[in-house]
Structures are given as structure tokens and as C-alpha cells.
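>>> Everything below, folded, please.
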Amino acid sequence: MDNQLALLLPVIILEFILAITALIHVIKHPNYRFGNKFIWIFVVLFIQIIGPIFYFIFGRGEE
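Residues are numbered from 1 along each chain as shown. Below is the predicted model of the structure:
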């Protein structure tokens, strides 16, 4: 059990950091390439690991 936790802990921390970073960016910036703020908040929060990555690749607009 401890070996599994040791392997999963970095993934959990990475997902948490990605989600928080993407969520802060969604809230602070008004421009998006696709969709709107509420769609991207949903994607970032409810699609684990892949959601924040999708936001930074596809959703992030011009600054």
C-alpha cells in the first residue's frame, strides 16, 4: 500500500498544481479561443489532469 501511495502522490500533486494554475488563469483572463469562462472552469475542474492541459493548449486566448 505504501508503494502505491509513493507512486501516486507525485501525480496527485501535479494534477492539483495544474488545476489551480489553470483555474487562476481562467478566472483572471477574459479571452478564450474556444468556449467561455464557465465551460473552461468545468473542463479544468472535472476532467482530471487532461482538462488543465487542454485549457493551456486549446482554450488560452491572446494576452
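>>> Can you list the low-confidence ranges for this structure?
1, 62-63 (pLDDT under 70).
>>> Tell me how many other residues crowd I12.
Neighbours of I12 under the rule other CB atoms under 10 Å: 12. Quick note: C-beta positions are derived from backbone N, CA and C, even for glycine.
>>> do the same with V26
V26, neighbours per other CB under 10 Å, totals 24.
>>> Now do the nearest residue to I41 once chain neighbours are set aside against D2, distance only.
Nearest residue to I41, sequence neighbours excluded (CB to CB, 6 or more residues apart in numbering): V26, at 5.6 Å. Taking CB to CB, to the nearest Å as the measure, V26 falls 36 Å from D2.
>>> Which of the helices or strands spans the residue nearest to I41?
If you go by DSSP states H and E, V26 is part of helix 2-28.
>>> Just the buried residues of that helix, please?
Within helix 2-28, the residues scored as buried using 16 or more other CB atoms under 10 Å are 18-19, 22-23, 25-26.
>>> So H29 sits against G61, correct?
Yes - using CB atoms under 8 Å, H29 is in contact with G61, at 6.8 Å.
>>> For stretch 40-58, measure first residue to last.
End-to-end distance for stretch 40-58, by CA to CA, to the nearest Å: 10 Å.
>>> in it, what counts as buried?
40-41, 43-44, 51-52, 54-55.
>>> how about these in a markdown table, adding distance to L14 and secondary structure?
Listed next are the buried residues of stretch 40-58 as a markdown table, based on distance: CB to CB, whole Å; DSSP: H, G, I helix; E, B strand; the rest coil:
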| residue | distance to L14 | secondary structure |
| --- | --- | --- |
| W40 | 19 | helix |
| I41 | 20 | helix |
| V43 | 17 | helix |
| V44 | 14 | helix |
| G51 | 13 | helix |
| P52 | 10 | helix |
| F54 | 15 | helix |
| Y55 | 15 | helix |
